[in-house]
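S.K.: compute the structure for the input listed below.
(one chain, ligands or ions: 1)
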Amino acid sequence: MAGHIKPLTLHAHSSGPNPVKVAMALEALHIPYEVKQWEFGPDPKKGVKGETYLKINENGRVPAIEDPNTGVTAWESGACMNYIRRVYDKGNVIGPSGDSAQDLVDFEKWEYFLLSTLGPMMGQTNWFKHFNAEKNENALERYTAQAYRCYDVLEGQLKKSGGESIIPGRVTAVDYHFEPWVRSYSFAGLSLDNHPLIFKWLGLMNTREEVKEAYFRIRG
Ligand SMILES: N[C@@H](CCC(=O)N[C@@H](CS)C(=O)NCC(=O)O)C(=O)O
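M.R.: A predicted model of the protein is given here:
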């Protein structure tokens, strides 16, 4: 099937966790794609906040995808991932483990938990650890505690598969959503000493071809 597909464009930046998740899904499904790298900032031609990129994503962030096969443009990693699944994962390689109402909710609740909670808490922890102009220990403590609370929730879920995958049974797009955010735990000043199953799961994810190839395509 991939032979008949024109390459999608994945708009990305070489750092940051969000574009690489989408690359993992494309790799897992053997969908051809080209990576277009942007810089952060307002450069009109090269920057994510510049006029050229804002025509693709008015929110000025990566990832975004453009699909010449359908004419669809998507942004927000969750919307990109779900578009790719709807259009290109007819055999359900990376989607929910079954088609019962509970299976679908089990998939979506972890996806939304990453997008609405663990990701933003990690993002704020990183911000107050590395980037805020003034030291703000109070904010750093709060977001660090919130990130650990999310890790506790994830550790509990991983008990169901012995650390093999977030949805028991097989690796899905949910694992791709979490992997780049959790992988950067030490950059955020966090430790996995109390989260052995997260540590195990990260190690297993690191051995997967689609994960290695996605990092290679995005980060080189
Ligand atoms: N909720 C968005 C977040 C996207 C996001 O924050 N992307 C970062 C890179 S990982 C970015 O583009 N930052 C550039 C900026 O903030 O100017 C998603 O899931 O796609």
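
S.K.: next, the buried residues of stretch 155-166.
M.R.: 155, 157, 158, 161, 163, 164, 165, 166 (16 or more other CB atoms under 10 Å). (C-beta placed from N, C-alpha, C; glycine too.)

S.K.: any idea which of those is closest to the ligand?
M.R.: residue 166 (17.0 Å; CB to the nearest ligand atom).

S.K.: where does the nearest residue to the closest one once chain neighbours are set aside fall, phi/psi-wise?
M.R.: Leaving aside its sequence neighbours, residue 166 sits nearest to residue 174 (CB to CB, 6 or more residues apart in numbering; 4.8 Å). Dihedral pair for residue 174: phi -60, psi -40, per degrees, to the nearest 10.

S.K.: and the pLDDT at residue 174?
M.R.: On pLDDT, residue 174 comes in at 98.

S.K.: that one: neighbour count?
M.R.: 24 (other CB atoms under 10 Å).

S.K.: ok now do it, which residues does it touch?
M.R.: 107, 110, 111, 114, 166, 167 (CB atoms under 8 Å, 6 or more residues apart in numbering).

S.K.: which secondary structure elements does the longest helix anywhere in the chain contact?
M.R.: Criterion DSSP state H: the longest helix present in the chain is helix 137-158. Using 3 or more CB pairs under 8 Å, 6 or more residues apart in numbering; DSSP states H and E, the elements in contact with helix 137-158 are helix 101-113, helix 119-126, helix 173-183, helix 196-206.

S.K.: for residue 63, find the nearest of those helices.
M.R.: Closest of these to residue 63 is helix 173-183, at 11.1 Å (criterion: CB to CB).

S.K.: what is the burial count for the residue of the chain found nearest the ligand?
M.R.: Scanning the chain for proximity to the ligand using CB to the nearest ligand atom identifies residue 16 as nearest, at 2.6 Å. For residue 16, the count of nearby residues is 18 (other CB under 10 Å).

S.K.: so the residue nearest to it when sequence neighbours are not counted, which state does it fall into?
M.R.: Excluding its sequence neighbours, the residue lying closest to residue 16 (CB to CB, 6+ apart) is residue 62, at 7.1 Å. Using DSSP: H, G, I helix; E, B strand; the rest coil, the structure places residue 62 in coil.
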